[in-house]
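Enquirer: Provided below for reference: sequence and predicted model.
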Amino acid sequence: MTEQVRQAAGSTQIDTWLADVVPRFAESDRVLLERAAAVAKEHFADRLLPSGESYLKHALEVASILARLPMDAQSTVAGLLTALPMLKPDAGLYLQEKVGAGVRQLVEGVGRMAHIQALRGQLEVAAKAEERASQLEALRKMLLAMVQDIRVVLIKLADQTQQLRYIAGRGTDAERSVAARDAADLFAPLANRLGVWQLKWELEDLAFRCRDPQTYKRIARELDEKRADRESFIAEVTEALSEQLSAEGIKAEVTGRPKHIYSIYKKMQRKDLALKDLFDVRGVRVLVDDTKDCYSALGLVHSLWTPLPKEFDDYIAKPKPNNYRSLHTAVVGPNGKVLEVQIRTHAMHRHGELGVAAHWRYKEGGRDPGARDAPFEDKIAWLRQILDWREGLANVSDLSAHFRNELFNDTVYVLTPQGRVVDLPKGATAVDFAYHLHTELGHRCRGAKVNGGIVPLTYALSNGQTVEIIAAKSGGPSRDWLNPELHYVISGRARSKVRQWFNAQNHEAAVAHGRQWVEKELQRLGLTALYLEALAHKLDFAEVENLFVAAGKGDLQPRAFDMAARALRAPPKAMEEPLPEAVHSVAPAAKIESGILVVGVDKLLTVLARCCNPLPPDAIVGFVTRGRGVTVHRMRCPNAARLTPERRIEVQWGARLDSRRFPAGIEVRGTGDATTLRDVLDLLARERIPVRAANSQSRGLQSRYSLNIEVPHLDALQRLIADIEHLPSVVGARRC
């Protein structure tokens with residue numbers, strides 16, 4: 001084809017496009033569209049994309065998709081010229097001069113999205129399916145966060161749709177495979193979330209056609225009619241139903257859609273059904289003002305067309321677990337074709353599309369409801385509302401104010417050198433990034449590279465940057481990192497890790513110093529290390545290590561230590577006189593109200609020892625006392641080891657302890673944060689754990705809290721301690 005013939009063909013295409021598109025816009029926008037068409041004609045007429053498609057045809061189709069959505073003139077022009085930077089190095093200034101700064105920003109925004117799209121290919125080798133799914137979700141969030149104007153996403157979706165149209169028909173196997181994965185992993189889910197159904201359905205169908213052409217063609221043949229015919233049928237049904245509802249005085253909005261091929265395939269797979277057993281291949285939706293109108297409309301539908309038995313669901317009277325509410329029925333419509341009808345109020349519809357029952361949440365691979373990201377989903381709901389208004393705003397001169405995407409500015413999405421997406425709070429630094437990846441990497445962080453260039457550790461990261469940490473072989477963080485005015489650390493997680501590191505260093509030093517002091521004092525008093533555990537309990541420390549820490553920090557009074565140590569040197573006093581031999585006579589095990597069985601003695605009072613607070617199923621032992629019955633200790637209690645063996649008696653936990661609660665003690669070590677105790681008490685309140693007493697001690701950057709609580713058994717206590725240790729400002733927790 002000669003140059004003159006190409007230009008003539010290009011002119012014809014552009015003229016046809018202008019005749020179709022320009023009437024959709026206001027008179028003030030037509031000059032912009034014509035200038036953009038002239039630019040496209042000049043630069044695209046004789047060029048081919050790497051896929052083999054004509055630049056000009058691709059550009060005109062993308063712009064046509066946007067005009068039909070409908071989008072504003074700036075978006076349509078940006079779609080027409082989005083490929084210009086591939087051909088012209090200085091395209092930015094040129095676009096600003098020819099079609100304005102607004103279009104230039106949109107075109108450049110689409111170009112930046114290509115970098116994120118390229119990262120999708122790196123996820124093919126992800127070791128685990130859940131890891132790959134998590135990273136794909138992060139990529140989708142990054143795509144939304146990186147654009148300053150949400151219209152950029154819609155332009156990119158239109159561009160991908162046209163690219164997939166061409167590749168599905170003429171591309172190589174490799175091209176179809178890559179394009180299909182991009183569509184399925186990134187762009188169709190984005191279109192779904194933003195409520196751009198036209199593009200979502202086409203992207204999914206085209207991706208399915210590329211991946212599995214045989215199945216796609218088989219289902220298409222079985223549908224016995226083309227999509228255009230199904231759309232025509234739906235249009236006739238909605239018009240007829242609207243007229244009937246209006247005649248009955250029911251104010252209603254009726255819409256319809258033919259189910260697309262990929263959705264039909266997924267439902268056939270999910271429910272193991274044949275195509276003939278699906279009743280929602282064609283569907284209409286009726287929106288009314290109140291609930292009584294729902295049932296009135298249902299009665300009208302059933303009077304117009306024959307309902308199918310067992311295909312009626314009343315989710316208004318009996319909502320789904322996510323509170324989805326609607327009436328669903330299937331009828332034999334005009335020409336004997338099966339039709340699904342959904343009837344709901346406008347409020348029910350808003351909840352179904354924007355609330356917790358939103359369609360996209362359960363259509364994307366059955367996401368775990370417990371993993372719901374509520375703040376992100378609220379932002380998606382707001383974007384969908386904005387995009388629902390786009391038709392009414394199409395003639396507003398400054399649409400950027402309406403479509404400005406500032407919803408994701410509280411998070412930045414950055415990349416590891418391997419292409420993994422990491423989300424951090426706004427203003428986060430390389431130190432935050434390092435601690436997010438691994439605690440030890442954060443401790444040893446000494447520098448960072450961002451997009452290949454070295455930056456200071458206080459540098460605030462931005463969306464889409466690749467971050468590489470320069471780490472020492474050993475060492476720890478700097479105390480400057482905890483100074484909020486220096487901006488080394490922004491995230492609470494990283495700040496907590498830094499504090500824990502310094503607390504651990506102080507703790508180890510205190511333990512070592514305290515051990516030396518205690519051992520020296522014991523030698524002076526002629527005692528050995530065998531007395532350490534008993535000495536710790538004598539001084540009200542739950543563990544020997546706590547005794548060392550107190551001694552190392554100077555919190556232990558030498559006089560109190562001396563008195564306790566000397567007391568251990570004296571033989572223990574006999575607690576009471578031995579009981580008569582009758583105590584040991586054989587008798588059946590007795591169940592005491594405390595939930596403890598005393599073997600060999602009937603109906604003896606039992607008391608749980610306060611020194612060790614035994615809990616089921618701790619190994620326990622009883623000691624007979626005069627006037628107090630049997631005192632029950634943990635088998636490993638130091639006090640139990642010092643008591644007279646003759647008074648020992650066998651005890652066991654009873655079989656029914658479900659309704660019982662037992663006293664227990666826990667010690668919590670915090671970072672010195674004033675909110676630590678409040679966070680711990682909030683957790684206990686949520687778990688409905690009674691708190692009988694609480695004491696606190698603070699010294700420097702470390703705090704210690706002792707709490708007396710009640711729990712049903714040891715497993716409950718251990719789970720509670722694990723939950724407490726996960727609190728950000730808690731260094732550690734243990735049983736007393």
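Expert: Thanks, I have the structure now. Numbers count the residues shown, from 1 in each chain.
Enquirer: confirm for me that Phe548 is in contact with Val511.
Expert: Yes - counting by C-beta atoms under 8 Å, Phe548 touches Val511, with 4.7 Å between them. Any C-beta I mention is one placed from the backbone N, CA and C, and that applies to glycine too.
Enquirer: between these two, which one's more packed in?
Expert: Applying other C-beta atoms under 10 Å to Phe548 and Val511 shows that Phe548 carries more neighbours, namely 25 against 19.
Enquirer: mind telling me what element that one is part of?
Expert: helix 544-552 (DSSP states H and E).
Enquirer: list the buried residues for that helix?
Expert: Using 16 or more other C-beta atoms under 10 Å as the test for burial, helix 544-552 gives Val544, Asn546, Leu547, Phe548, Val549, Ala550, Ala551, Gly552.
Enquirer: I'd like to know which elements it is packed against.
Expert: Using 3 or more C-beta pairs under 8 Å, 6 or more residues apart in numbering; DSSP states H and E as the contact test, the elements touching helix 544-552 are helix 492-524, helix 532-538.
Enquirer: related to what we said a few turns ago, pLDDT and distance to Leu87 added to the buried residues of helix 544-552, as a markdown table?
Expert: A markdown table is the format used below for the buried residues of helix 544-552 (pLDDT from 0 to 100; distance: C-beta to C-beta, whole Å):
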| residue | pLDDT | distance to Leu87 |
| --- | --- | --- |
| Val544 | 79 | 76 |
| Asn546 | 82 | 73 |
| Leu547 | 83 | 77 |
| Phe548 | 82 | 74 |
| Val549 | 80 | 70 |
| Ala550 | 82 | 75 |
| Ala551 | 80 | 77 |
| Gly552 | 77 | 72 |
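Enquirer: and the furthest pair within those?
Expert: Within the buried residues of helix 544-552, two members stand farthest from each other by C-beta to C-beta: Val544 and Gly552, at 12.5 Å.
Enquirer: if we can go back for a sec, need the winner for burial among the helices and strands packed on helix 544-552.
Expert: helix 532-538 (a mean of 19; mean count of other C-beta atoms under 10 Å).
Enquirer: average pLDDT for that helix, rounded please.
Expert: Helix 532-538 shows a mean pLDDT of 78.
Enquirer: same check, this time on stretch 259-277
Expert: Here the average pLDDT along stretch 259-277 is 81.
Enquirer: now Thr675: how far from Pro728?
Expert: 9 Å (C-beta to C-beta, to the nearest Å).
Enquirer: oh sorry, the question was meant for Ser232
Expert: Distance from Ser232 to Pro728, by C-beta to C-beta: 59 Å.
Enquirer: settle it for me: which of those two has more neighbours?
Expert: The residue with more neighbours, out of Ser232 and Pro728, is Pro728; 16 against 13, by other C-beta under 10 Å.
Enquirer: wait, what's in contact with the residue nearest to that one when sequence neighbours are not counted?
Expert: Once flanking residues are discounted, Pro728 sits nearest to Ser496: 4.7 Å by C-beta to C-beta, 6 or more residues apart in numbering. Going by C-beta atoms under 8 Å, 6 or more residues apart in numbering, Ser496 touches Thr671, Pro728, Ser729.
Enquirer: then Asn451?
Expert: Gln465, Thr466.
Enquirer: quick check: pLDDT value at it.
Expert: For Asn451, pLDDT reads 89.
Enquirer: for it, give its distance to His633.
Expert: 64 Å.
Enquirer: taking helix 492-524 as reference, get the angle to the helix holding Phe548.
Expert: Angle of helix 544-552 versus helix 492-524, following axes from the mean of the first three to the mean of the last three C-alpha atoms, to 10 degrees, is 80 degrees.
Enquirer: now helix 544-552, how far from the centre of its chain.
Expert: 42 Å (C-alpha atoms, centre = their mean, to the nearest Å).
Enquirer: who are the packing partners of the next helix or strand after that helix?
Expert: Per DSSP H and E, the first helix or strand lying C-terminal to helix 544-552 is helix 558-569. On a contact count with 3+ C-beta pairs under 8 Å, 6+ apart, helix 558-569 meets helix 492-524, helix 532-538.
Enquirer: give me the contacts around the shortest one.
Expert: It stands for helix 532-538. 518, 522, 542-544, 546-547, 564-565, 567-568, 611, 638-639, 642.
Enquirer: give me that answer again for 10 Å
Expert: Outside helix 532-538, the residues that touch it by C-beta atoms under 10 Å, 6 or more residues apart in numbering are 515, 518-519, 521-522, 527, 529, 531, 541-548, 550, 560-561, 563-565, 567-568, 611-612, 636-639, 641-642.
Enquirer: check stretch 207-218 too.
Expert: By C-beta under 10 Å, 6+ apart, stretch 207-218 touches 160, 164-165, 167-169, 171, 173, 175-185, 187-188, 205-206, 219-220, 260-266, 268, 275.
Enquirer: make it 7 Å
Expert: Applying C-beta atoms under 7 Å, 6 or more residues apart in numbering, the external contacts of stretch 207-218 come out as Leu164, Ile167, Ala168, Arg176, Ala179, Ala180, Ala183, Ala184, Ala188, Ile261, Tyr262, Tyr265.
Enquirer: what about the helices in the stretch 601-736 of the chain?
Expert: 638-642, 676-686, 714-725 (DSSP state H, counting those that start in this stretch).
Enquirer: for His507, find the nearest of those.
Expert: helix 714-725 (15.3 Å).
Enquirer: on that earlier part again, as a markdown table, the helices and strands packed on helix 558-569 with distance to Tyr55 would be great.
Expert: As requested, these are exported to a markdown table (distance: least, C-beta to C-beta, whole Å):
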| stretch | distance to Tyr55 |
| --- | --- |
| helix 492-524 | 48 |
| helix 532-538 | 81 |
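Enquirer: against Leu186, how distant is Ala207?
Expert: Shown here: Ala207 relative to Leu186, a distance of 11 Å by C-beta to C-beta.
Enquirer: equivalent analysis for His487, please.
Expert: 34 Å.
Enquirer: out of the two, which sits in the more crowded spot?
Expert: For His487 versus Leu186, neighbours defined as other C-beta under 10 Å are more numerous around Leu186 (23 against 16).
Enquirer: quick one: secondary structure of that one?
Expert: Under DSSP: H, G, I helix; E, B strand; the rest coil, the three-state class of Leu186 is helix.
Enquirer: I'd say it and Leu139 touch.
Expert: Yes - shown here, Leu186 and Leu139 form a contact pair, counting by C-beta atoms under 7 Å, at 6.4 Å.
Enquirer: residues contacting Gly514?
Expert: By C-beta under 7 Å, 6+ apart, the contact set of Gly514 is Phe548, Val549, Ala550, Ala551, Gly552.
Enquirer: can you tell me the closest non-neighbouring residue to Arg479?
Expert: Phe502 (7.1 Å).
Enquirer: and that neighbour, what pLDDT?
Expert: In this prediction, Phe502 carries a pLDDT score of 81.
Enquirer: any idea how far Arg495 is from it?
Expert: For Phe502 relative to Arg495 (C-beta to C-beta), the value is 11 Å.
Enquirer: just name the closest of the contacts of Ser496 to Val153, please.
Expert: Pro728 (34.1 Å).
Enquirer: contacts for stretch 337-352, please.
Expert: Residues from elsewhere that reach stretch 337-352, judged by C-beta under 7 Å, 6+ apart: 233, 237, 279-280, 282-291, 294, 297-298, 301, 323-333, 357-359.
Enquirer: so how far is that stretch off the chain centroid?
Expert: With C-alpha atoms, centre = their mean, you get 29 Å for stretch 337-352.
Enquirer: buried residues in that stretch?
Expert: 337-345, 348-349, 351-352.
Enquirer: swap in stretch 417-424?
Expert: Neighbour count says stretch 417-424 has Arg420, Val421, Val422, Asp423, Leu424 buried, by 16+ other C-beta under 10 Å.
Enquirer: first-to-last residue distance for it?
Expert: Start and end residues of stretch 417-424 are separated by 16 Å (C-alpha to C-alpha, to the nearest Å).
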